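Asker: Quick one: sequence plus predicted model below, questions after.
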Number of protein chains: 2
Amino acid sequence: MSDVAALAGVSKMTVSRVLAGRGVAPATRERVQLAIDELGYVADAAAGALSSGRSAFAAVFVPSLASSNFSDTVRGLTSALEPHGLQLLIGDTDYDLEREERLVRSMLRHQPRCIALTGAQHTPATRELLVRSGVPVVEMWDLPATPIDAAVGFSNAKAAREMVRYLTGRGYRRIGFLGGASELDRRGMERLKGYLQEVKAQGMGEPRVVRLGESPITMSHGAPALEALLQQWPDTDAVMCVSDMSAFGAIMQCHRRGLSVPGDIAIAGFGNFEMAACCSPTITTVSVDAYGIGTRTGETLLAALAESDGAARHASARTSTRKSVKIDYTVIARESA
Amino acid sequence: MSDVAALAGVSKMTVSRVLAGRGVAPATRERVQLAIDELGYVADAAAGALSSGRSAFAAVFVPSLASSNFSDTVRGLTSALEPHGLQLLIGDTDYDLEREERLVRSMLRHQPRCIALTGAQHTPATRELLVRSGVPVVEMWDLPATPIDAAVGFSNAKAAREMVRYLTGRGYRRIGFLGGASELDRRGMERLKGYLQEVKAQGMGEPRVVRLGESPITMSHGAPALEALLQQWPDTDAVMCVSDMSAFGAIMQCHRRGLSVPGDIAIAGFGNFEMAACCSPTITTVSVDAYGIGTRTGETLLAALAESDGAARHASARTSTRKSVKIDYTVIARESA
DNA sequence: TTGAAAGCGTTACCAC
DNA sequence: GTGGTAACGCTTTCAA
């Protein structure tokens, strides 16, 4: 920066102002810009962060980057935050709360301006770290009973109940559920809960649940899960899957067995992945705007940042937003159920 | 840090050493650790980076986080770099070289220790920025004629030729190609090039190419692309798709039309996505180890870092690795072709 | 094994 | 509109 200042015949402060886009005389600004280009100068973000006391980072934690659900959410977040000069620090927790805690701990070293994480469940230490960090926090993809700060999501249980009601509305009464075996996928567990609640509420008798494979259940688990279901309850007339992935696997297995979908058995998914609209038959599913969860989360965080800036200026106390943004979902009726 | 030092009755330097895991007497170390825990102290990475002159960031640029190909590569990179304390800064270029340039420019402000990017094509300014940055650079997913520094990838054209040879080996002679319409997906263009080369080499007559939809072609373009192909060349006996995504769309369209795959028409994909093994029929494809590209890239970068550390210690000149790592691929014969 | 001082490259703050 | 100075919170370096 000194070099640039010298070449332009100004002080470092003026260079700093040019870079920040503050009030500088047009002529001066141009000279400085020329010097910057000539030297190929790139300002050091670390120095800026240290000096100003504010980084340009936002941290986000997702269970998996491999799921299009969460990569869409990350893209949405990026689209909301990048225009404000925030660089995303992405942590892939691999559905592991301990790993989430380690990642949060290491991310906090970078002093992120705000934090987004997935789900309502975290280790006590994670919660403590987040609260102590003093930055805006949004939990996504769920509506926690006791949010850390704000939340952007929906009730996975209610959404699942709606799908069961859709199926019963189409006349299906012997409805099975396919999901993952482990408890790690909290959203999946909520959907199972919703299924069980609705089956009970409608007096549909014994629930027909198959849980197979690590959570979240993958495409390839769909086939064996369907087999297990049909073996235990051969008269099943509809299957609700924890995600479109497993629904797809189940449908492909029906092809192999020569079962017609939905003629012999109806199959529904969850998430409205790209494949659901493309598969033959097209898959009936619950549509959730994953990208929108990202953008809404970004907006919520930006609002909290703006507010805390204002608060700082007015020397008032730190504001806690504690807002819950409810995300819409809809059952999309397609061919498979 | 001063607070921690005061509470532990030591100097800041000792606290710093404890955090860095350097030589500190066990008793002292324990006292300091206690103070850290008590105060919930989190070291500031920006200050550390500024002071030491080295950040803990690695930058990676991918065309899209939505593609499982690239998210797998990112996961592989993470697995290689995270254990070395490097935090990934991920840039989603959206297949846009101008956007890549902007992202590189803004990433460089964070002084990444090393950089990975996708493909061989970049704007001149991007190349210049990367070279001037002086940090190790790896280009992934391709083998550039003139790499910026090092490369980890394979020849998409050769891989495509191998698939054509596989198909002709199975007796197919009237082979079509489905791909995206735009030039942005360089890897896709290379695959098309390979197809054209092999069709010519084997004297198979007029190439049967359908290019449809933005690149990279999605699942939903597979169906209309197949229709267009069959309309123009009704006697086509095999279709090679630029990716498993479009192959899937094409296969589903065959289901709808009552065409048997591969009985009436064979269909092959590229990439060995999860769905390829799960679809009915299972999809013949070219398997590429996307995750491995990430880990190999990480290892290449780490080696370059270690070397440049050594070089610094020996006061020798900056080393340029200029290594090309060739990634294996194989045609996986499955049911669809 | 530990400590003191000097700086890293920027921005906040206050003069001019 | 511009410049000087003092931090920001660490690590490097050197000395004890």
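Answerer: Alright, I've got the coordinates. For clarity, every value in this text was computed on a predicted model and none was experimentally measured.
Asker: any weak-confidence spans in the stretch 201-337 of chain A?
Answerer: Scanning the stretch 201-337 of chain A for pLDDT under 70 picks out A:311-321.
Asker: make it 80
Answerer: Along the stretch 201-337 of chain A, the model assigns pLDDT under 80 to residues A:215, A:309-322.
Asker: just the helices in it please.
Answerer: Per DSSP state H, counting those that start in this stretch, the stretch 201-337 of chain A carries helices over the ranges A:219-232, A:244-257, A:274-278, A:290-313.
Asker: Of those helices, give the one that comes closest to DNA strand D.
Answerer: Of all the helices of the stretch 201-337 of chain A, helix A:290-313 sits nearest to DNA strand D, with 15.0 Å by C-beta to the nearest atom of the strand. All C-beta spots, glycine's among them, are computed from the backbone N, C-alpha and C.
Asker: can you tell me if that closest one touches DNA strand C.
Answerer: No. Applying C-beta under 7 Å from any atom of the strand, one finds helix A:290-313 separated from DNA strand C by no less than 9.8 Å.
Asker: before we move on, the earlier item: could you export the helices of the stretch 201-337 of chain A to JSON lines, including columns for distance to DNA strand D and mean neighbour count?
Answerer: As requested, those are exported to JSON lines (distance: least, C-beta to the nearest atom of the strand, whole Å; neighbours: other C-beta atoms under 10 Å in any protein chain shown):
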{"stretch": "helix A:219-232", "distance to DNA strand D": "45", "mean neighbour count": "20"}
{"stretch": "helix A:244-257", "distance to DNA strand D": "43", "mean neighbour count": "25"}
{"stretch": "helix A:274-278", "distance to DNA strand D": "45", "mean neighbour count": "21"}
{"stretch": "helix A:290-313", "distance to DNA strand D": "15", "mean neighbour count": "19"}
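Asker: can you redo those helices as a markdown table with distance to B:V15?
Answerer: What follows is the helices of the stretch 201-337 of chain A, written out as a markdown table (distance: least, C-beta to C-beta, whole Å):
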| stretch | distance to B:V15 |
| --- | --- |
| helix A:219-232 | 49 |
| helix A:244-257 | 48 |
| helix A:274-278 | 51 |
| helix A:290-313 | 29 |
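Asker: Distance to chain B added to the ones you listed, as JSON lines?
Answerer: Shown next, in JSON lines, are those (distance: least, C-beta to the nearest C-beta, whole Å):
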{"stretch": "helix A:219-232", "distance to chain B": "4"}
{"stretch": "helix A:244-257", "distance to chain B": "4"}
{"stretch": "helix A:274-278", "distance to chain B": "4"}
{"stretch": "helix A:290-313", "distance to chain B": "10"}
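Asker: Can you say which of the ones you listed is nearest to B:Q197?
Answerer: helix A:274-278 (30.4 Å; C-beta to C-beta).
Asker: Show me what the closest one is packed against.
Answerer: If contacts are counted by 3 or more C-beta pairs under 8 Å, 6 or more residues apart in numbering or on different chains; DSSP states H and E, helix A:274-278 sits against helix A:244-257, helix B:219-232, helix B:244-257.
Asker: now the angle between helix B:244-257 and the second one, please.
Answerer: Read that as helix B:219-232. Orientation check (axes from the mean of the first three to the mean of the last three C-alpha atoms, to 10 degrees): helix B:219-232 against helix B:244-257 gives 60 degrees.
Asker: Give me the contacts around helix B:219-232.
Answerer: Applying C-beta atoms under 8 Å, 6 or more residues apart in numbering or on different chains, the contact partners of helix B:219-232 are A:274-275, A:277-278, B:176, B:178, B:180, B:208, B:210, B:212-213, B:217, B:236, B:239, B:241, B:245-254, B:256, B:265.
Asker: one more time with 6 Å
Answerer: Contact with helix B:219-232 is made by A:274, A:278, B:176, B:178, B:210, B:212-213, B:236, B:245-246, B:248-250, B:253, as judged by C-beta atoms under 6 Å, 6 or more residues apart in numbering or on different chains.
Asker: And stretch A:212-221, end to end?
Answerer: With C-alpha to C-alpha, to the nearest Å applied, stretch A:212-221 spans 7 Å between its terminal residues.
Asker: Check which residues of it are buried.
Answerer: A:L212, A:G213, A:S215, A:P216, A:I217, A:T218, A:M219, A:S220, A:H221 (16 or more other C-beta atoms under 10 Å in any protein chain shown).
Asker: What sits closest to the fourth one if chain neighbours are left out?
Answerer: In space, A:P216 comes closest to A:D185 once its chain neighbours are excluded; the distance is 4.5 Å by C-beta to C-beta, 6 or more residues apart in numbering or on different chains.
Asker: can you check the first one too?
Answerer: Nearest-residue entry for A:L212: A:A225, 4.4 Å, with adjacent residues in sequence omitted and distances by C-beta to C-beta, 6+ apart.
Asker: how near is the one you found to DNA strand C?
Answerer: To DNA strand C, A:A225 is 55 Å away according to C-beta to the nearest atom of the strand, to the nearest Å.
Asker: Write out the residues of the stretch 1-150 of chain A neighbouring chain B.
Answerer: Residues of the stretch 1-150 of chain A lying close to chain B by C-beta under 6 Å from any C-beta of the partner chain are A:40, A:42-43, A:45-47, A:49-50, A:65-66, A:71, A:90, A:108-110, A:132.
Asker: can you tell me which of those are in helices?
Answerer: Judged by DSSP state H, these include A:A45, A:A46, A:A47, A:A49, A:L50, A:S71, A:L108, A:R132 as members of helices.
Asker: Any residue of stretch A:57-72 touching DNA strand C?
Answerer: No. Using C-beta under 7 Å from any atom of the strand, stretch A:57-72 never reaches DNA strand C; the gap is at least 14.9 Å.
Asker: Alright, calling it a day.
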